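Trainee: give me the fold of what follows.
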Amino acid sequence: MIIRLFEFRRMIWDNDVRLIIMFDDSQIELERCFSNVYWPEEYVEMYGNIEVSLVGTSSFAFYIRRVFSVRCITNENVNSKSVDFVLPRKKTSI
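Mentor: Sure thing, here's the model as predicted:
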């Protein structure tokens, strides 16, 4: 699972992903725990040369939106971007 999560984060960086909407019927009830698997809740975390930090969280009636700063750190430079992570609260909401 750890390798897959590293690959997931790397794929987001490599493909310039800016929005992720998570759908998983078995986990919607555990929305807070589920999204923590993919992204840090409070602190900056490093995944290889990818640094991820939580910028903010907004709760809405039908979904939770988290904004993360994602940075790729190499010997030559540091590039960064913002990624929105949206987790629906209910299956019928979107």
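
Trainee: the closest residue to residue 43 other than its chain neighbours: neighbouring residues, count only.
Mentor: Distance criterion Cβ to Cβ, 6 or more residues apart in numbering; nearest residue to residue 43, sequence neighbours excluded, is residue 53 at 7.4 Å. (Each C-beta comes from the backbone N, C-alpha and C, glycine too.) Close neighbours of residue 53, defined as other Cβ atoms under 10 Å, add up to 15.

Trainee: report the contact partners of residue 58.
Mentor: When contacts are counted by Cβ atoms under 8 Å, 6 or more residues apart in numbering, residue 58 touches 64, 65, 66.

Trainee: what distance do you get for it to residue 51?
Mentor: Distance, residue 58 to residue 51, using Cβ to Cβ, to the nearest Å: 22 Å.

Trainee: same thing with residue 40?
Mentor: For residue 40, the distance to residue 51 - Cβ to Cβ - is 10 Å.

Trainee: now swap in residue 85 and tell me
Mentor: For residue 85, the distance to residue 51 - Cβ to Cβ - is 16 Å.

Trainee: can you check residue 71 too?
Mentor: 4 Å.

Trainee: now do residue 63
Mentor: In terms of Cβ to Cβ, residue 63 sits 26 Å off from residue 51.

Trainee: ok, residue 4 next?
Mentor: Distance, residue 4 to residue 51, using Cβ to Cβ: 19 Å.

Trainee: CA atoms of the longest helix seen in the chain as PDB?
Mentor: Ranked by residue count and defined by DSSP state H, the top helix of the chain is helix 2-14. Taking Å, rounded to 0.1, in the frame of the first residue of the first chain, the C-alpha atoms of helix 2-14 are listed here in PDB:
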ATOM      1  CA  ILE A   2       2.800   2.400   0.800                       C
ATOM      2  CA  ILE A   3       4.300   2.100  -2.700                       C
ATOM      3  CA  ARG A   4       0.900   2.700  -4.300                       C
ATOM      4  CA  LEU A   5       0.400   5.800  -2.200                       C
ATOM      5  CA  PHE A   6       3.900   7.100  -3.200                       C
ATOM      6  CA  GLU A   7       3.000   6.400  -6.900                       C
ATOM      7  CA  PHE A   8      -0.400   8.200  -6.400                       C
ATOM      8  CA  ARG A   9       1.400  11.300  -5.200                       C
ATOM      9  CA  ARG A  10       4.000  11.100  -7.900                       C
ATOM     10  CA  MET A  11       1.200  10.700 -10.600                       C
ATOM     11  CA  ILE A  12      -0.600  13.800  -9.300                       C
ATOM     12  CA  TRP A  13       2.600  15.800  -9.700                       C
ATOM     13  CA  ASP A  14       3.700  14.300 -13.000                       C
END
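
Trainee: many thanks, I have nothing further to ask.
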